[in-house]
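Q: Compute the structure for the input listed below.
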Amino acid sequence: MAKLQVAIDLLTTEEALALAGKVAPYIDIIELGTPLIKNMGVSVITAMKQAHPDKIVFADLKTADAGELEADIAFKAGADLVTVLGVAGNATIAGAVKAAKAHGKGVVVDTIGAPNRVERAREAAALGATFVELHAGLDEQWTPGYSIQVLIDEASTANTPVSIAGGVNINNIKAVVASGVKVAVAGAAIYGAPDPAAAAKALREAMDAA
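A: Have a look, this model is predicted:
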């Protein structure tokens with residue numbers, strides 16, 4: 001069964017903890033967004049893991065270099081998963097995977113900006129990624145004509161464990177799950193909702209019914 005990941009793109013530890021507290025009953029993975037970690041430092045990772053030890057805490061580092069070092073820092077802070085950019089070199093991914101193995105944790109390769117997400121997903125899986133995020137970033141999502149369908153189609157053909165991030169919401173969650181994803185990542189659909197808990201609950205129920 002696919003897991004539900006909330007991407008917390010807020011900027012303070014207090015806001016992140018407050019949101020996580022509301023949605024925790026319905027989600028499996030708590031993602032701490034890159035701006036949040038840059039703003040608060042790795043202490044936000046520790047705070048989130050202490051608050052939710054039963055959840056998978058995902059540190060969205062988007063590492064581009066020094067893979068082993070950056071992953072080690074995040075794992076020591078309490079992260080269960082870290083991200084490395086798919087456009088980074090293979091050595092960077094391999095370094096992060098080495099750190100993950102040492103800690104008994106995992107690496108997610110984020111394909112944002114990759115010219116061929118599916119091809120890079122397969123390469124990253126071969127390098128030891130736990131799964132690969134087929135990711136359309138905000139700038140791509142705001143491009144005229146963008147549709148999450150492109151990610152759904154890619155997931156259906158990847159033949160490797162993937163997640164989808166890039167506009168997941170209640171209207172497309174069933175199609176996202178049907179594509180065979182390991183994880184569905186919802187950001188604004190949850191944290192931007194008037195009632196984040198209700199939004200997370202609705203996504204969870206739609207996923208379970210798919």
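
Q: Need the residues that contact stretch 26-40.
A: The contact list for stretch 26-40 (CB atoms under 8 Å, 6 or more residues apart in numbering) reads 3-13, 16, 20, 24, 44-45, 48, 52, 55-62, 81, 183, 185, 187, 197, 200-201, 203-204. Just so you know, the C-beta spots here come from the backbone N, C-alpha and C atoms, and that holds for glycine as well.

Q: Quick one, which of those residues are buried?
A: 3-10, 13, 16, 20, 24, 44-45, 48, 52, 55-62, 81, 183, 185, 187, 197, 200-201, 203-204 (16 or more other CB atoms under 10 Å).

Q: Moving C-terminal from the helix or strand bottoming out on mean pLDDT in the chain, which element do we reach first?
A: Within the chain, no helix or strand scores below helix 138-141, which has a mean of 91 by mean pLDDT, DSSP states H and E. Following helix 138-141 in sequence order, the next helix or strand is helix 149-158 (DSSP states H and E).

Q: ok, residues contacting that next one?
A: 117-118, 121-122, 132, 134-136, 162, 164-166, 172, 175-176, 179-181.

Q: about what we covered before: which of the buried ones among the contacts of stretch 26-40 fall within helices?
A: Under the assignment DSSP state H, the buried ones among the contacts of stretch 26-40 contribute Thr13, Ala16, Ala20, Val44, Ile45, Met48, Ala197, Ala200, Lys201, Leu203, Arg204 to helices.

Q: Is Gly106 bridged to anything, and to what?
A: Leu81 (DSSP bridges).

Q: And the pLDDT at it?
A: pLDDT for Gly106: 98.

Q: Go ahead and confirm it touches Asp80.
A: Yes - with contact defined as CB atoms under 8 Å, Gly106 counts as touching Asp80 (6.8 Å).

Q: related to what we said a few turns ago, buried ones only from the contacts of helix 149-158, please, as a ChimeraX command.
A: Buried subset of the contacts of helix 149-158, written as a ChimeraX selection, criterion 16+ other CB under 10 Å:
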select :117,118,121,132,134,135,136,162,164,165,166,172,175,176,179,181
